[in-house]
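# I'd like to go over a predicted model; first the sequence, then the structure.
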Amino acid sequence: MALKTLCSQLARKYSCLDVMLLFDKSITILQPICELLDNWRYDEDQGEYQPVYEEFGSILLLVLSFAHRYGLSTIDLGIRSSDSFVAKLLNQGHLNRAMDDNLTQQEQSHLDGWIRGLFDNEGGGLGDELMSSCPPQDFYLLVPTLFHHIVLACSTNNLSEEGLKGGLEYLVDTFLLPSLIPGITWLSSHLWESRGDANAVLQILSSLITNPSSISNNTEASQMLNAILNIIAKNLEHSLRWLQRGEPQRQDVEPLSKALRVHLGWERKGGSEHTELESWTSTPGGGLVASIKQTIITLVQWGLNPGINIMPASYTHRQILIGVKLLGAKRLLTAIIEEVKSQTETGNGSVVIDVATALICSPDAASFDTSPASNGMILLDDTNNISQQPLQRRLTLREALKTEAENAPKVHKEDVFHAETVVRLYRRVEAQMAVQQNLLEAHDDGMAGIEKIMGDVGHQHQQDLGDMGAAMDGMVGDGGDLMGGLMDAGNLGGGTDLLDGFGGGDHGMGF
């Protein structure tokens, strides 16, 4: 099967993308494809150029589908050069450059050629001469600027409705259809910036989405358009909703919104919907912090009362992810520790420790990236020497907990219960992560690796926790018998639970 056909089929069936990422990393799948797009060249004996654009667009559509469905960055795609075409398209491909002075003479020539080819009936349309002089990479980066000129021509009545539809018919043909992604993305942003051009923007969107006359009898183009609408639907729908609120009397917004509804909810980014965020942040008594604490309470109560007929606790990890983004890992960890202390005082310590451990150990997208690129952005300079820039990222809950545990001996003199709760939670998290790490390593070693886990993980973790306990005992001294009891719980031999340092016989949720 040709690469163009394979990419086109995969982009239309987004469930295939989910299955692919179950078995391999995004960087393994997409890095070679991105390199192909970055280094795309015409053959010396190239006869026709429209099929080249069609092949390039089909391959690019697959990359954009992956990137937008899962919120992948250039790091996730394995892009090594800051001069990469794919990187430019993802980072600034939606920006209009018409008002800038940095359009080169060649870029301006390409832009004029596309405007004449699309809308000048006497110019002969889009010919091989234009596409041979303008590689696909250059065209896609010019698309937002092209749409800016189309909107300007429509709003100033320099382009008739018939002329507009005639020009847009080229853009809904299969060889140019993927260019609607940067084009409509720019139109969505432009609606936020200037409602004065709303009539022209909606006229263009209607011709492209709700009434593409040249697509109705073309199954391939229709399926490709649906894949494109999946990508642009969310941002465009937000812009249309904003426009409708500002101008409730408009009748041309609802048909577009209706056409987009079936394409909403396509992304798998772990981001929260605005309705979820509004409900969490409006929780009485503390907003998002109070909402997360209430979630922990609900999970604890569910763990205390398991049963077939018991309704499971309402939970989505999106709440924790948005908590890390809005509150930061340190403040969110403080909220979790406060609730652990509160539940421990009421006798639910074993269960709440399990809940808190599960929340902290739950992975995010960066958890599975062990490639060199995960530590920084790999770049190639002009002499092709590889350099690596440090990658700035948010502190994780696990990292925040480690810092808190390292400070526990200092806090112990002022708040014994807090220090012991932190260390107890840290030990449980590290024990859980040790098991997960060994399971990942056993993936390549088969059953031999699994047998190794059963024999080694307990001994190794016992040694690590024993060392930590000895170090902290030395720092705390003789002033805390309960703290010493907690440190003694680091001896995991004989099946002793970490919680035995506090006593109590409940066994928790078994997360």
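Thanks, I have the structure now.
# which residues in the chain form strands?
376-380, 386-390 (DSSP state E).
# average pLDDT across the last one?
In this model, strand 386-390 carries a mean pLDDT of 52.
# Could you list the domains of this protein?
3-261, 274-501 (automatic domain parsing).
# Can you get me the start-to-end distance on the first one?
Spelled out, it's domain 3-261. In domain 3-261, first residue to last residue: 31 Å (C-alpha to C-alpha, to the nearest Å).
# start the count at 6, not 1, going forward
In the new count, where the first residue is 6, that last one comes out as domain 8-266.
# what about that domain, distance to the chain center?
21 Å (C-alpha atoms, centre = their mean, to the nearest Å).
# on that earlier part again, which one of the domains of the chain lies nearest to residue 272?
Closest to residue 272 of those is domain 8-266 (C-beta to C-beta; 5.8 Å). Every residue, glycine included, has its C-beta placed from N, CA and C.
# same question for the closest one, mean pLDDT?
89.
# for stretch 433-446, same thing?
Rounded mean pLDDT across stretch 433-446 is 77.
# Please name the residues that touch residue 296.
284, 285, 286, 288, 324 (C-beta atoms under 8 Å, 6 or more residues apart in numbering).
# Only the buried members of the residues you listed: can you turn that into a ChimeraX selection?
Filtering the contacts of residue 296 down to the buried ones (16 or more other C-beta atoms under 10 Å) takes a single ChimeraX command:
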select :285,288,324
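# Among the contacts of residue 296, name the ones in helices.
284, 285, 286, 324 (DSSP state H).
# got the contact list for the third one?
Shown here is residue 286, whose contacts under the criterion C-beta under 8 Å, 6+ apart are 292, 293, 296.
# Can you give me the distance of the first one to residue 303?
As judged by C-beta to C-beta, to the nearest Å, residue 292 and residue 303 stand 17 Å apart.
# My guess is residue 89 contacts residue 83. True?
No - counting by C-beta atoms under 8 Å, residue 89 does not reach residue 83; the two are 10.1 Å apart.
# Now the common contact residues for those two.
residue 39.
# Need the contact partners of stretch 340-351.
Residues from elsewhere that reach stretch 340-351, judged by C-beta under 8 Å, 6+ apart: 294, 297-298, 301-302, 305, 328, 332, 354, 356-358, 361, 364-365, 402, 409, 422-423, 426-427, 430, 507.
# swap in stretch 140-152?
42-43, 45-47, 57-58, 61-62, 65, 90, 93-94, 98-103, 108, 112, 115-116, 119-120, 136, 183-184, 187-188, 190-192, 209.
# Quick check: buried residues in that stretch?
140, 141, 142, 144, 145, 146, 147, 148, 149, 150, 151, 152.
# likewise stretch 12-23?
So, applying 16+ other C-beta under 10 Å, buried residues of stretch 12-23: 12, 13, 15, 16, 17, 19, 22.
# swap in stretch 288-308?
288, 293-302, 304-305, 307-308.
# picking up where we left off before, in helices only, show me the contacts of stretch 140-152.
Within these, residues falling in helices by DSSP H are 42-43, 57-58, 61-62, 65, 90, 93-94, 112, 115-116, 119-120, 136, 187-188, 190-192, 209.
# backbone phi and psi for the nearest residue to residue 33 once chain neighbours are set aside, please?
Leaving aside its chain neighbours, residue 33 sits nearest to residue 83 (8.0 Å; criterion: C-beta to C-beta, 6 or more residues apart in numbering). Reported as degrees, to the nearest 10, the phi and psi values for residue 83 are phi 80, psi 20.
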